[in-house]
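*Asks:* Show me the folded form of this:
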Amino acid sequence: MKTLLIVVRAAVYGTGFVLLWGWVALSVRRFDPEIGGVLPVWTRPLGVVLMVVGAAVAISCVAVFVARGRGTPAPFDPPREFVAQGPYKYVRNPMYVGGLGVLAGFGLYQRSLAIVLFALVFLCCAHLFVVFYEEPGLERRFGQSYLDYKRSVNRWLPRG
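*Replies:* Alright, predicted model coming up:
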């Protein structure tokens, strides 16, 4: 029963997150004429691929948080256990990477330069949030295990 409650909370928070960022993305489309045009038609299939891959990454992150971390991706309802499995083995912030893929892919699909540029703003905001809020909080909550993880896994790009 407890796991079911976590799953429901994660689904509600995830849906709210997607709806919020989708609404914001659609809102910035009005700036396309001012920026100077639309993206070429060939960006649409690339956008679909980015959205699907990004969504798969983000959903797998939520699943790992629920199954292994016994929590949700929401900062106010975080995992109770430290999670360094699944996509988190490769980068420390795969959920943001997945969200960036969905957002940028949506911009490409919509042929909206404004949404693509907004995706870059999203990345900058996510970076600042991670550096100044998430990482210090994780260091306090999980101590040495998180510090070891930080040394072995990059923040945004997998090690080559």
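*Asks:* tell me the secondary structure for the residue lying closest to A84 once chain neighbours are set aside?
*Replies:* Nearest non-adjacent residue to A84, counting by C-beta to C-beta, 6 or more residues apart in numbering: Y149, 5.3 Å away. Where C-beta positions appear, they are placed from N, C-alpha and C, glycine not excepted. Under DSSP: H, G, I helix; E, B strand; the rest coil, Y149 falls in the helix class.
*Asks:* Please give the element, helix or strand, for the spatially most central residue of the chain.
*Replies:* For the chain, the residue sitting closest to the mean C-alpha position, by C-alpha atoms, centre = their mean, is Y96 at 2.4 Å. Using DSSP states H and E, Y96 sits within helix 94-110.
*Asks:* Just the buried positions in that helix, please.
*Replies:* Neighbour-count burial for helix 94-110, counted by 16 or more other C-beta atoms under 10 Å, picks out 94-110.
*Asks:* Remind me what it packs against, helices and strands.
*Replies:* The contact analysis (3 or more C-beta pairs under 8 Å, 6 or more residues apart in numbering; DSSP states H and E) places helix 94-110 against helix 2-28, helix 43-67, helix 113-129.
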